[in-house]
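Asker: would you be able to build a 3D model of this:
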Amino acid sequence: MTRRPRKESSGRRAKNDRAANARRVRWPGFVLGAVLLVGVLLAGSGAIRWARERPAYTFDPLRLALLGKNPAWLEPPLARAFYAGYGQIAGEPFSLLDRRALEAYLERVRAFPWIEHADARLGLPDRVRLDLTLRRPVAAVSDGSVLRLIGRDGVVLDLLPPDASVSIDPMAFLESASDQAVVPAPFGLTWLVGLAPLGIDRDAARAGAALVREWSEQVDPAVRRVLGAVTPPLVAIDVSNHGLRRATESAEYRLVLRDAKDRPVLVSWGHAPGGVYRLRIPLEQKIAILVACMREHPGLADVAALDVRFPDSWRERVQLATSEVR
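Answerer: Down below sits the predicted model:
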């Protein structure tokens, strides 16, 4: 007699089916995971080999461009002067991965007179962001052939290129007759006289730069507010007696203004004379005397010299253009 196979229960058959399906699904998963792992290992080794064989990213300092950062005062001759000096200190290209080379570059740039502030931020692998602040010139120095610029903080900037040289000596404003027309400094700057261009007095340069800022930021606006008229332009400052080194009885500084006829007007400025020469005269007092003199002599057109150090006797010391200027 033939025995029929015993029929499996529906529960056991379902369980066996699930196990078989799991085995069928697991093998493709293992294969896919192995393929991915091998791919990652190959890609990683390839990336390491590519990184080793590829040259390091370099930064070429000579390709510096002040894109979108050029201040309005940086006229083409000044920009050429900046890049001419920068090219001498920039150095050779170097890898952005070389931290020492980057620090050495920043040290050179920070020592460059045209640069007031410099910093760098890396954006690897091939980017570096330079944060540069240029030092703005406020005055010029000339001996009749060579032109130098003075920054807002009195720092002497490098020589300008030959096409920006000048053929005048601003000292002539102080030594010539009062009817000689004055020639302003280039780029709207103020001449500094008495610095000895071949050996510039740094203290006097800082004092001159401070006077230029004082005039543009305080004196000129105050005179305009009171008179509602244009203040005679400040053309030059004589700082040869800075610190009263030459004479305690003379004015520490002499300002050269340009009247409506382009003639020089000498204004004695600085310490009070005589025994109280070390006491500084308040700026408000100097402005008040200047305003009073301009009210009596509009535009200072007929004035050759003015001393703002004497609040009570300044009128007696005004020298007209027809009289001798001491």
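Asker: going forward, measure contacts between C-alpha atoms and count neighbours the same way
Answerer: OK.
Asker: just the strands in the stretch 1-150 of the chain please.
Answerer: All strands of the stretch 1-150 of the chain, identified by DSSP state E, counting those that start in this stretch, fall at 58-59, 94-95, 115-123, 127-134, 137-142, 147-151.
Asker: quickly run through the sheet partners of the first one, with directions.
Answerer: Strands flanking strand 58-59 in the sheet, each with its direction: strand 94-95 (antiparallel) (DSSP bridges).
Asker: again with the third one
Answerer: Strand 115-123 has these partner strands in its sheet, going by DSSP bridges: strand 127-134 (antiparallel).
Asker: please apply the same query to the fifth one.
Answerer: Taking DSSP bridges as the criterion, strand 137-142 sits next to strand 147-151 (antiparallel), strand 190-193 (parallel) in its sheet.
Asker: for stretch 183-199, list every residue counted as buried.
Answerer: For stretch 183-199, burial by neighbour count (16 or more other CA atoms under 10 Å) applies to 183-185, 189-195, 197.
Asker: so which residues make contact with that stretch?
Answerer: Defining contact as CA atoms under 8 Å, 6 or more residues apart in numbering, one finds that stretch 183-199 is touched by 75, 137-143, 148, 170-171, 201, 204-205, 208, 212, 234-240.
Asker: still on that earlier bit, nearest to P61, out of the strands paired with strand 137-142?
Answerer: Proximity to P61, assessed across the strands paired with strand 137-142 by CA to CA, is greatest for strand 147-151 (23.9 Å).
Asker: what about D238, how many neighbours?
Answerer: Neighbour count of D238, defined by other CA atoms under 10 Å: 26.
Asker: relative to W191, how far out is it?
Answerer: Separation of D238 from W191 (CA to CA, to the nearest Å) stands at 8 Å.
Asker: what ranges does the stretch 201-326 of the chain have for its strands?
Answerer: With DSSP E, counting those that start in this stretch as the criterion, the stretch 201-326 of the chain has strands spanning 234-238, 253-258, 264-269, 303-307, 319-320.
Asker: ok, which of those strands comes nearest G154?
Answerer: Using CA to CA, those put strand 234-238 closest to G154, at 13.5 Å.
Asker: show me what the closest one is packed up against.
Answerer: strand 190-193, strand 253-258 (3 or more CA pairs under 8 Å, 6 or more residues apart in numbering; DSSP states H and E).
Asker: want to throw the ones you listed into CSV with distance to A301 and mean pLDDT?
Answerer: Converted to CSV, those look like this (distance: least, CA to CA, whole Å; pLDDT from 0 to 100):
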stretch, distance to A301, mean pLDDT
strand 190-193, 20, 91
strand 253-258, 9, 92
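Asker: how about JSON lines for those strands, with distance to D153 added?
Answerer: Output for these, formatted as JSON lines (distance: least, CA to CA, whole Å):
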{"stretch": "strand 190-193", "distance to D153": "14"}
{"stretch": "strand 253-258", "distance to D153": "18"}
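Asker: what's the neighbour count on P298?
Answerer: 17.
Asker: mind pulling the model confidence for it?
Answerer: We have a pLDDT of 88 for P298.
Asker: and the gap between it and V230?
Answerer: Distance from P298 to V230, by CA to CA: 10 Å.
Asker: what residues are up against G151?
Answerer: Going by CA under 8 Å, 6+ apart, G151 touches 135-139, 157, 209.
Asker: most neighbours out of the residues you listed, which is it?
Answerer: Going by other CA under 10 Å, A139 tops the contacts of G151 with 28 neighbours.
Asker: mind checking pLDDT for that one?
Answerer: According to the prediction, A139 has pLDDT 92.
Asker: same question for A321.
Answerer: At A321, pLDDT is 78.
Asker: number of nearby residues for the closest residue to it other than its chain neighbours?
Answerer: Residue nearest to A321 in three dimensions, not counting chain neighbours: A304, with 4.5 Å by CA to CA, 6 or more residues apart in numbering. Here the number of neighbours of A304 (other CA under 10 Å) works out to 26.
Asker: now K261
Answerer: When neighbours are counted by other CA under 10 Å, K261 registers 14.
Asker: tell me the contacts of the nearest residue to it once chain neighbours are set aside?
Answerer: Sequence neighbours aside, A301 is the residue nearest to K261 in space, at 6.6 Å (criterion: CA to CA, 6+ apart). Applying CA under 8 Å, 6+ apart, we find A301 in contact with 259-261.
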